[in-house]
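Asker: can you look at this prediction? I've put the sequence above it.
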Amino acid sequence: MEPTIRRAIEADSEQLALLSLVAWDEAYRDILDPDALRRRHDEPSAVRRERWVNRIAENEVFVALADIEIVGYARTTAPAPGESHELLGLYTRERYWRSGLGSRLLLQCLPSGAAHLWLFEGNERALRFYERHGFSLDGRRRLDPPYGAELHMSRGATW
């Protein structure tokens, strides 16, 4: 059965806190420093859960559900007038890669219009995914310690 997508609610925060750890491990195991990934697991679960409670309250968060398990999520800003949306995160469990679920989540949270995002340098799979959805590298780069360099992508208002 294909996962369903809905807006996140506060009760999803515990599953999202765990999913964000597992999805990062799956997505970045060959890209980021393994010690940096492992240290993410050292943070108390209550702290991670509270961060997700705040994210759900402050951002646009959508979850993908397979039965009652959250298997993916997308999180964007709610921009001020005249500003573009920022995609803050889009992740699915590895078993859903190349299934279309990531595209469905992206279209749910950013159906059209100008948007931008940051992705880790070396994440070729994500780079190709976002390019298929109208994003392109714009030359901006920043450091995100302890994880490494991030590249900026943007998409125009006519998408």
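Answerer: Sure thing, it's come through. Residues are numbered from 1 along each chain as shown.

Asker: so who does Ala17 touch?
Answerer: Residues in contact with Ala17 (C-beta atoms under 8 Å, 6 or more residues apart in numbering) are Ser45, Arg48, Arg49, Arg51, Trp52. C-betas here are computed from N, CA, C, even on glycine.

Asker: quick one: which of those residues has the most company?
Answerer: Trp52 (23 neighbours; other C-beta atoms under 10 Å).

Asker: wait, is Arg141 part of a strand?
Answerer: Yes - under the criterion used here (DSSP: H, G, I helix; E, B strand; the rest coil), Arg141 sits inside a strand.

Asker: pretty sure it sits against Leu151.
Answerer: Yes - counting by C-beta atoms under 8 Å, Arg141 does reach Leu151; the two are 5.7 Å apart.

Asker: of those two, which one has the most company?
Answerer: Between Arg141 and Leu151, counting by other C-beta under 10 Å, Leu151 is the more crowded of the two (19 against 12).

Asker: and the helix or strand where that one lies, what other elements does it pack with?
Answerer: Taking DSSP states H and E as the definition, Leu151 sits inside strand 148-155. Using 3 or more C-beta pairs under 8 Å, 6 or more residues apart in numbering; DSSP states H and E as the contact criterion, the neighbours of strand 148-155 among helices and strands are strand 115-120, helix 124-132, strand 136-144.

Asker: so for Ile70, which of those sits nearest?
Answerer: Comparing the helices and strands packed on strand 148-155 by their distance to Ile70 (C-beta to C-beta), the top pick is helix 124-132, with 19.8 Å.

Asker: tell me how far that closest one lies from the chain's centre.
Answerer: The chain centroid and the centroid of helix 124-132 are separated by 13 Å, computed with C-alpha atoms, centre = their mean, to the nearest Å.
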